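Enquirer: Sequence plus predicted model, see below.
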Amino acid sequence: MSRAASTLAALALLFTGSASAQEDTFSKDMGTFLAEHCALCHDDFEPEAGLNLARFTTREAALREPELWFDVERRLLAGDMPPKTEARPGQDEIDSALAWISREFGAVDADTAPPGEVVLRRLNAVEYENTVRDLLGVEFDAKDFFPADTVGHGFDTVGEALSVSELTLERYLEAAELIAEEAIIVERRGEKRKRRYTGELKTDKGEFRSGAVWLPWVAEAQATHDFPRDGEYVLRFSGWSTKGGDELAKVALKLDGERLRVFEIPGTKEKPDTLELKVSVSKGKRLIAARFINDFYKPKLPDGTRRDRNVMITAIEVEGPVDRPKISALQRHLMSKAVAGEGSTRRRQLRVLEHLAERVWRRPISRTELGRLERTVPEGYSLEEGVRLGLTVLLSSPNFIYRIEFGEDLEEVAASAPLTDWELATRLSYFLWSTSPDEELRQLAALGTLSEPEVLAQQTDRLLRSPRSLALAKNFATQWLQIGVLSEASPDDELFPEFDEELRLSMTEETLRFFDYVLRSELPASTLMDANFSLLNERLAEHYGVEGVSGEMMRVVSLIETPRRGLLGHASVLTATSNPTRTSPVRRGKWVLEAILGTPPPPPPPGNDSLSPDTEMSGATLRERFERHRDDAACAVCHDKIDPIGFAMENYDAIGRWRDESEGKPIDASGVFPDGQSFEGPLEMGQHLLDGDAFERTLAEKLFVYALGRGLERTDRGHVTKILEIAGPTPSLADMIRAVIQTRAFTMLSTDSN
Amino acid sequence: MRKPLSRRTLLRGLGTAMALPALEAMSPTTVFGATRTPSVKAPTRAVWIYVPNGVHMPDWRPTSLGKSYELPWILEPLAKHKRHLSVLMGLDQQKARANGDGPGDHARASAVFLTGVQPLKTDGAVKLAKSADQVAADAIGAETPFRSLVVGCEGARVSGQCDSGYSCAYSGHISWLSEKTPAGKERNPRLVFERLFRGGGKVETAAALAVREERRLSIIDYVLADARRLRRKLGKADKDKLEEYFDGIRELERRLEFSQEKRAQEVPLSRAPEGIPDDHAEHQRLLYDVIALAFETDSTRLATFLVGNEGSNRAHKEVGVTQGHHSLSHHGKDPVKQADIRKINRAHVEQLAYFLDRLSSITEGGETLLDSSMIVYGSGIADGNSHAHHDLPILLAGRGGGIKTGEAVRYPEKTPMNDLHLAMLERLGAPATSLGDGRAPLF
């Protein structure tokens, strides 16, 4: 139970009088309703959907599970329950049941609803990567390095779900070291790094002999070296040869398979050679090889000293980098007078660290914190060494890893507080850019003006206009639309030989670019559902049967002549919701209910989650088999909603191509919604999905969860309604995003009442 | 070919009073063999391996009990190890059933496997329990540099939805540090290797490593102070969250102090696996290799391996199956689909056989690692179509802790699987009085 809800419940108790009177109203408004309209199916023994409503016979029992009433309220408001196969309760009965919920748990009103508590959010892998790149200019592959982030409420920005284990933490520390080492170059005088490979040599076809590699025929000795940065290195190898034929043994020095130079090996076992070459190598693990290339073996040759030419490689060595490191512009700036100032090394170190802390921690560092940092850096460290170590500490701190929010210090005790300007800057930039605040946001935060409504609106616009807001398409839209699974989709090779990596990537790209285009062009959010255009490249245009598009670039293409409108016609969505060998009308229908209409169906009851074999084997079409299974009332409750939508999309095959028939029979894509509205085909069905404000409301809810990093609570309905109000009728996608930022939930937080 | 370990590794082992790691790799002849004193006993190890979506039971369950049982088709690849392999029947995970929580059998199956506790149905803040391997780690984890090793082939689900309103944390983890925190799972064999043996992938001298570790300790001091300050100011929910940070830091601190005492393990880089291969079977083998190597070097004595996330819909093309595993598991008794499921089940068992081969090829003091290990392999779902959580498919291999294996056993109905964990905990030297719905050690 959220603290807010418990407080409200306690308040309700104070104001509504005696316990027995409350018990009476429970019994009158809700108890009877449950008994008459719900508890027959949601019973004690085998409750439908696992939901037992029969147990709420007293108010006390009901108040123990506040979250549950949120759901009951939703279902009642949506008219989902009781199902239409059962007797409908009268509107007055529904109203008094809803009124009971409002009385007990508080009316849902955006102006009084608590902003809500956001559980401490850890940076997810994407945010970590972006932050480190934008602040320090270091490209770091966090997705591969950290354990995978857990998704909560559909998004990877949810604090509750983003956990930290010992492994994560170890990687954080290690990442901090790696990043600081790359960001701040420390020049070491007189010390050159040398690495000699002897016992660790590998070979392709040679033989190991007393710790060295013997090459009696064409073969090579190898070593893998991790080159710490782009730069100049000296590669060496040592070896000797036995003589044969007329020429000396030749060895090619190779790097990642590329021949750098060929050396002659005159040396003998007693007097081996060491040969070297200075080359410029780019950062990373590379394979160095010394390859014997001119084997000679004539055992019958009269001259016994010239019969067999072989090579022994005893070591491969890498020295370097031997050039001066390239100091980044950032480092030069940090160490300049502008930042580091003048004075002792220590003073300059601290100024640089103070400067960095404000960026890395997204707030100014306190005197005490800086003092402790000073004590962490040992005496005698150079400016660069100290800054590097300090940066490592800053990046390892919970102040960097977590987005910490305390809100403004208030003089009086209050249930909620506005965010500080620094916290607001952080929420704003992670929402729109998935990265930390930039210079301008930091300046406004330091001035304390960001929270002024006009300034906040201006900055929102600036961030939305920046190319960086593509992050919304990449991180929000892909999760909202659940098309991340596309990377795992594996359409059957034989049935869909056309499906390859290029097509897969093009599909994702279409949806990303499309979302981004609608956002940037200030088009109505509903365009996402009914656009008669999309962003295509040649490959995808071909896939859709559209002519005249050439090249890999995605560009706006009219789809007026085609039977595709909006997201429902995107191959990404259609493929992500299909099975490897065929379409899945159920998965498509479920997808629409979840992502578009915001009414996720409960999962099927255990044991009932597939068509039984006899219905499946009977040779009927998929649609006929499903219709039969809807005769079962237990299935019909949900499938009456799921199936018409899913079957309306049957004209798109399992990789999203248009088709007129399936299993040799023409496709029947007509259908009827549970409310009696009928439609012909996918386009009409899609139009009906825009009836009312279900789509906008769902989009607002999803944006809210993503932006705030927490699941929706009952009281958030007020905030969501507010978003729709602020955004106005037929809101643009951009306006909806702006509206999220204007809610109290976004700019404030509930304070801990403890 | 196995390469010799360095001399430093050996000296390190001798320098401590702890059970000796497998050191025979040092030389072709047994290092300790005849002269090994009886008091120096190989440590007991345990691995729990989980495969998703249940198995095709008719080809898993032996038809007769006792030592002379015949291996069913899926288990045939294990013929060589039959003497050290028991098929345990009749074990249940009752808490994986709905018990009023409605659908979500996949998420529950993996969540419950090592806990025996019903997971809280939530898509946000999870609540489960410390898993058996972590209970063991609390008791014996301090004896090795790493308290436990947690690996798996699959990362997080890339879609928001995992199973029927259950957080993806449940289907993606069997190992849990606490009721709120799953243990971080590694999938890249290369990164696991580097973490275990290289302090994180860097090639550096012992002196440089010592400096780095010293520095890490001072970093830890600083950030711990940061975290303490935050803890004083944060609200309850945030404090709970921050607790994860504390736990992680403390474990890291312990490891650094540990390795300062004993110096870090040194295993030649030439034994390091590459990253994640495309081939699923190869991926499993590499992760099994790294578990075996961790045992061999006594880097840890506990491991869990989640072969696939529960509910995984991977198309096992490596064995010619193009349909997704999860879709297939809802076979509706279709024999074609069942045939594909069997194939997947057997392919997984083949990799288990590879692991047992590895363990039995590594000897320490006249015993193999298989002799000192307890290996549990199975699923929290019996048949994927009905989502049954009773009479689970469970194998117990090895002879670690003196367990007797090599037979088909049927336990009375409703025997909690946690009784098996309790028995293992006892033999690991980590006896627990209670664990989820466990009652008493199974044997």
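Expert: Alright, I've got the coordinates.

Enquirer: got any ranges where chain A has weak pLDDT?
Expert: For chain A, applying pLDDT under 70 flags the ranges A:1-19, A:107, A:188-192, A:603-620, A:752-754.

Enquirer: quick one, longest helix in it?
Expert: helix A:501-520 (DSSP state H).

Enquirer: Which neighbouring elements make contact with that one?
Expert: helix A:453-465, helix A:478-480, helix A:527-530, strand A:533-536, helix A:538-544, helix A:571-576, helix A:733-742 (3 or more C-beta pairs under 8 Å, 6 or more residues apart in numbering or on different chains; DSSP states H and E). Quick note: C-beta positions are derived from backbone N, CA and C, even for glycine.

Enquirer: what element comes up after the longest one heading to the C-terminus?
Expert: Which is helix A:453-465. Once the chain leaves helix A:453-465, the next helix or strand it forms, by DSSP states H and E, is helix A:470-471.

Enquirer: Could you chop the chain up by domain?
Expert: Picked chain A for this. A:3-105, A:116-187+A:326-465+A:749-754, A:194-319, A:477-521+A:527-688, A:693-748 (automatic domain parsing).

Enquirer: wait, chain B
Expert: Using automatic domain parsing, chain B is parsed into the domains B:7-193+B:268-427, B:199-263.

Enquirer: hang on, the earlier thing: list the buried residues of the longest helix of chain A.
Expert: Buried positions in helix A:501-520, judged by neighbour count with 16 or more other C-beta atoms under 10 Å in any protein chain shown: A:503-520.

Enquirer: Quick one: residues in contact with that helix.
Expert: With C-beta atoms under 8 Å, 6 or more residues apart in numbering or on different chains as the test, helix A:501-520 has contacts from A:464-465, A:469-470, A:472-474, A:477-478, A:481, A:483, A:486-487, A:489, A:523, A:525, A:527-528, A:531, A:534-537, A:539-540, A:543, A:554, A:556, A:567, A:570-573, A:575, A:655-656, A:733-734, A:737.

Enquirer: near chain B too, which of those residues?
Expert: For chain B, the contacts drawn from these by C-beta under 8 Å from any C-beta of the partner chain are A:Ser487.

Enquirer: Among the contacts of helix A:501-520, the buried ones, what's the ChimeraX command?
Expert: Burial among the contacts of helix A:501-520 is assessed by 16+ other C-beta under 10 Å; the matching ChimeraX selection reads:
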select /A:464,469,470,472,473,474,477,478,481,483,486,489,525,527,528,531,534,535,536,537,539,540,543,554,567,570,571,572,573,575,655,656,733,734,737
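
Enquirer: distance between the ends of stretch A:294-313?
Expert: Start-to-end span of stretch A:294-313 (C-alpha to C-alpha, to the nearest Å) is 15 Å.

Enquirer: and it, anywhere near chain B?
Expert: No: using C-beta under 8 Å from any C-beta, stretch A:294-313 stays clear of chain B, with a minimum separation of 15.2 Å.

Enquirer: Break down chain B into its strands, ranges please.
Expert: Taking DSSP state E, the strands of chain B run over residues B:45-50, B:85-92, B:149-152, B:302-306, B:363-364, B:367-368, B:373-378, B:394-397, B:408-416.

Enquirer: State the distance from the residue in the stretch 1-150 of chain B positioned nearest to chain A to B:Ala292.
Expert: Closest contact between the stretch 1-150 of chain B and chain A, by C-beta to the nearest C-beta, is at B:Gly102 (2.1 Å). According to C-beta to C-beta, to the nearest Å, B:Gly102 and B:Ala292 sit 41 Å apart.

Enquirer: Give me the more crowded residue out of these two.
Expert: B:Ala292 (24 against 20; other C-beta atoms under 10 Å in any protein chain shown).

Enquirer: Spatially nearest residue to the more buried one (excluding sequence neighbours)?
Expert: B:Arg358 (4.4 Å; C-beta to C-beta, 6 or more residues apart in numbering or on different chains).

Enquirer: Skip the chain neighbours and tell me the closest residue to A:Asp141.
Expert: A:Glu129 (7.3 Å).

Enquirer: did I read that right, that neighbour in a helix?
Expert: Yes: counting by DSSP: H, G, I helix; E, B strand; the rest coil, A:Glu129 is part of a helix.

Enquirer: I'd like to know which of the helices and strands packed on helix A:501-520 is closest to A:Glu247.
Expert: helix A:538-544 (53.3 Å; C-beta to C-beta).
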